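Enquirer: Below are the sequence and a predicted model for it; my questions follow.
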Amino acid sequence: MKTVKLVADTKAIISKYKAEGKSVGFVPTMGALHAGHLSLTEQSVKDNDITIVSIFVNPTQFNNPNDLKSYPRCIDEDLDKLSKFSPDIIFIPEVEEMYPEPDTRIFNFGNLDQIMEGKNRPGHFNGVAQVVSKLFDIINPDNAYFGQKDFQQVAVIKQMVKDLKLSVNIVPCPIIREKDGLAMSSRNTLLNDEQRKNASKISETLFKARNLVPKLNVIQLKDWVVKEINKNPYLSVEYFEIVDDTHLNQIKNWDEDNIKIGCITVQVGNIRLIDNVTF
Ligand code: PAF
């Protein structure tokens, strides 16, 4: 496992692998790694000859400076965790290396980034697209691995790959959960003990909601989920939407012929947690 900080070095190493006909898998992360990231790494190592993991807290995707400042950073622990899965390269660039000049590109994802996370974090997905497109350009992966917890992010990245006509295959991987059901997230480490205990109510409610289909219609079910979670004094729902899995259009009836995903963001103190379930 080799750590590399410079774009030029990373490109040179990868061109050598590519010239040898090796397949390259890529796991982009912002560090503070948990079992979810490690499962992506494990999958990439299984699927590809070479696996590259990037660790880069991307400033352009944070619309809130305090969120960027408080984002957990623990590079030594991250490297230690990764070493157990034997990826080949860890790319850890500095901000100046990724953005020697400001990135002024504006992406247009239509509805995909106007709703849910896009509506509540203006500019977030544009920043994600900026950094992921740069990383794809540097790494030129055959396969890139993303967690389904960030369901809308996966939809946006798939659209970006289509729009930019990139040849990378996007591999969405299942949400990994704590024992009590809470979706794993780097942000979970920022919760205090009481918040952490109560946060499990989010997934618990989503799982219960699945059993209420089709007894409750879509509007009734959305209402039930929001009220149920908001009953808990530690939790405040920012949004709960049920959308189709490709265009993220709002579902109106359970009998529509599509895959239906319930996406939620809940504020726990100052921490935003996201989760989703398939209905
Ligand atoms: O999901 C994340 O951790 C980030 O949004 C990503 C894809 C690494 C881009 O910074």
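Expert: Great, that's in hand. What you see is a predicted model; the values in this text were computed from it and never measured.
Enquirer: And the contacts of the lengthiest helix in the chain?
Expert: Ranked by residue count and defined by DSSP state H, the top helix of the chain is helix 193-210. The contact list for helix 193-210, computed with Cβ atoms under 8 Å, 6 or more residues apart in numbering, reads 177-178, 180-183, 188, 191, 221, 224-225, 228-229, 232, 234-235, 262, 264, 266, 268-269, 271, 273, 275-277, 279. Backbone N, C-alpha and C define where each C-beta goes, glycine included.
Enquirer: now that helix, how far from the centre of its chain.
Expert: With Cα atoms, centre = their mean, to the nearest Å as the basis, helix 193-210 stands 19 Å off its chain's centre.
Enquirer: Next, the buried residues of that helix.
Expert: Q195, R196, N198, A199, K201, I202, S203, T205, L206, A209 (16 or more other Cβ atoms under 10 Å).
Enquirer: State the mean pLDDT of it.
Expert: Average pLDDT, helix 193-210: 98.
Enquirer: Output the set of residues of the stretch 101-250 of the chain in proximity to the ligand.
Expert: Taking Cβ under 6 Å from any ligand atom as the contact definition, the stretch 101-250 of the chain meets the ligand at V128, V131, V132, D150, Q153.
Enquirer: tally of neighbours for the fourth one?
Expert: Burial of D150 is recorded as 21 neighbouring residues (other Cβ atoms under 10 Å).
Enquirer: State the next helix or strand along the chain beyond the host helix or strand of K81.
Expert: Assigned by DSSP states H and E, K81 falls within helix 75-83. For helix 75-83, the following helix or strand on the C-terminal side (DSSP H and E) is strand 89-91.
Enquirer: now what about that next one, what contacts it?
Expert: The contact list for strand 89-91, computed with Cβ under 8 Å, 6+ apart, reads 1-5, 10, 13, 50-56, 79, 82, 135, 138-139.
Enquirer: Okay, buried residues for whichever strand or helix holds Q220 please.
Expert: In this assignment (DSSP H and E), Q220 forms part of helix 218-230. Neighbour counts over helix 218-230 (16+ other Cβ under 10 Å) mark V218, L221, K222, W224, V225, V226, E228, I229 as buried.
Enquirer: Do I have it right that the fifth one meets C263?
Expert: No - if you go by Cβ atoms under 8 Å, V225 and C263 don't touch, sitting 10.9 Å apart.
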